[in-house]
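**Student:** Sequence plus the predicted model coming up.
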Amino acid sequence: LPELPMDFAGLERRAEAAMSASLWSYVAGGAGDERTQRANVRAFDQWGLVPRMLVGAKARNLTVDLFGLELPSPLFLAPVGVIGLCAQDGHGDLATARAAARTGVPMVASTLSVDPLEDVAKQFGDTPGFFQLYTPTDRELAQSLVSRAEAAGFRGIVVTLDTWVTGWRPRDLSTGNFPQLRGHCLANYFTDPVFRSRLATPPEQDPSSAVLTWTQIFGNPLTWADLDWLRSLTSLPLILKGLSHPEDVRRARDAGVDGVYCSNHGGRQANGGLPALDTLPEVVAAADGLPVLFDSGVRSGADAAKALALGATAVGIGRPYAYGLALGGEEGMVHVLRTLLAELDLVMAVDGYPSLADLTPEALRRVHV
Ligand code: HOC
């Protein structure tokens, strides 16, 4: 879609005009007065890549090994709950998975989806997909969701730790969004045999009671004592999402996780925290060689390059692809991903860092403004 903007600011402007007010406030909004969300983005301005010359960066190598998977680029689609509704036909999870298949950019599919995880996984083609777990309080249900993800062919389980209760989100509170949204994103629960066994009446006949049951089991305020159990749920790579403190990273590592995911949920959960990018170097150091996934505030290929230079193994995109999806469905998403990939590739070319291995902290300097 050549008519779609080539930059995030343009996408954002167009998306605001195109999306319903409530969906826009859900996707664009964040926690509190959104200082952390803004700081996530501004944190990238504090770093600059130092161009290197005469390195012959004619060919670039963006491939990365993630949990033994050879990926064509270090970008991935961060999980976005309720992303399905961003597509005009309401099946944006499927469109996102198809865009992942076409670009080789893996999708981390949210538990909160319009379509069940099995249908999402069928769209992946040769691109691996990851399943993001909101761990319910019902352990049997958690096991069932993970086993279904394994059977459907997902290649890793990403456990989100920071959203067992949703943050204080003024935009959604004033639009009354959550009660409305949740009715559309519970396909994984409504199709789950364990969840269904907890209901007196099937969700098709009594959706309100099913939603009520869901609200009672959705959020599990996990503790370190649950880590062994979480680990026992799967032999797939287990990644903990929402880690920022190095001590948490060390504990996770000691507990046998396969990867850590540095993120503050795009500033949607706690306001007033550190920008996610500022926490990345300590997370990388504490991870001590474990893969580190990163998201929160990435708006461009240059941003991705900076996160990679600070030690991220793979970099997640959130709002940019939601806007692409809202503006042009699968094609819009593919457009956004291709522009991000092209910009990352070009930054590596013109700045003289031809492979990801060249993007180290040594490539960066602090910007003094
Ligand atoms: C209706 C429940 O990842 C987000 C999502 C999770 C929100 C739960 C919404 O918006 O950050």
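**Tutor:** It's in. Residues are numbered from 1 along each chain as shown.
**Student:** how about the residue of the stretch 101-250 of the chain found nearest the ligand, what does it touch?
**Tutor:** Residue of the stretch 101-250 of the chain nearest the ligand, by C-beta to the nearest ligand atom: Arg182 (3.7 Å). In this view, the C-beta of every residue, glycine as well, is placed from N, C-alpha and C. Residues near Arg182 by C-beta atoms under 8 Å, 6 or more residues apart in numbering: 112, 211, 214-215.
**Student:** Now do the SS call for Arg42.
**Tutor:** Look at Arg42: counting by DSSP: H, G, I helix; E, B strand; the rest coil, its state is helix.
**Student:** repeat for Arg102
**Tutor:** Classified using three-state DSSP, Arg102 is helix.
**Student:** so it touches Val334, yeah?
**Tutor:** Yes - counting by C-beta atoms under 8 Å, Arg102 does reach Val334; the two are 5.5 Å apart.
**Student:** Then Glu330 would be within a helix, right?
**Tutor:** Yes - under three-state DSSP, Glu330 falls within a helix.
**Student:** residues near it, how many?
**Tutor:** Neighbourhood size, Glu330 [other C-beta atoms under 10 Å]: 22.
**Student:** what's the answer for Thr213, then?
**Tutor:** By other C-beta under 10 Å, 20 other residues sit near Thr213.
**Student:** Can you tell me which helices and strands the strand or helix carrying it packs against?
**Tutor:** Using DSSP states H and E, Thr213 sits within helix 207-217. The contact analysis (3 or more C-beta pairs under 8 Å, 6 or more residues apart in numbering; DSSP states H and E) places helix 207-217 against helix 177-182, helix 187-190, helix 193-197.
**Student:** Once you drop chain neighbours, what's closest to the residue at the greatest distance from the centre of the chain?
**Tutor:** The centre of the chain is farthest from one residue, Leu54, which by C-alpha atoms, centre = their mean lies 36.2 Å away. Distances taken as C-beta to C-beta, 6 or more residues apart in numbering put Gly352 closest to Leu54, at 7.7 Å, once the chain neighbours are dropped.
**Student:** Mind pulling up the pLDDT for that neighbour?
**Tutor:** Confidence at Gly352, expressed as pLDDT, is 98.
**Student:** My guess is it contacts Lys58. True?
**Tutor:** No - the pair Gly352 / Lys58 is not scored as a contact, 10.9 Å apart, by C-beta under 8 Å.
**Student:** neighbour-wise, which of those two wins?
**Tutor:** Looking at Gly352 and Lys58 with other C-beta under 10 Å, you find the greater number of neighbours at Gly352, namely 17 against 7.
**Student:** For the ligand, see how far away the more buried one is.
**Tutor:** 37 Å (C-beta to the nearest ligand atom, to the nearest Å).
**Student:** which residues does that residue contact?
**Tutor:** 51-55, 57.
**Student:** run the last query once more with 10 Å
**Tutor:** Contacts of Gly352 were listed using C-beta atoms under 10 Å, 6 or more residues apart in numbering, and they are 49-57, 358, 363.
**Student:** Then Val120?
**Tutor:** Val120 touches 84, 91, 93-94, 96-98, 100, 107, 109-110, 113-114, 129, 131, 149, 152, 154, 187-188, counting by C-beta under 10 Å, 6+ apart.
**Student:** same thing but at 7 Å, please
**Tutor:** Contacts here follow C-beta atoms under 7 Å, 6 or more residues apart in numbering; on that basis Val120 touches 93-94, 97, 109, 113.
**Student:** Isn't Pro106 up against Pro128?
**Tutor:** Yes - if you go by C-beta atoms under 7 Å, Pro106 and Pro128 touch, sitting 5.2 Å apart.
**Student:** Looking at these two now, which is surrounded by more residues?
**Tutor:** With neighbours defined as other C-beta under 10 Å, Pro106 and Pro128 compare such that Pro106 has more, 27 against 21.
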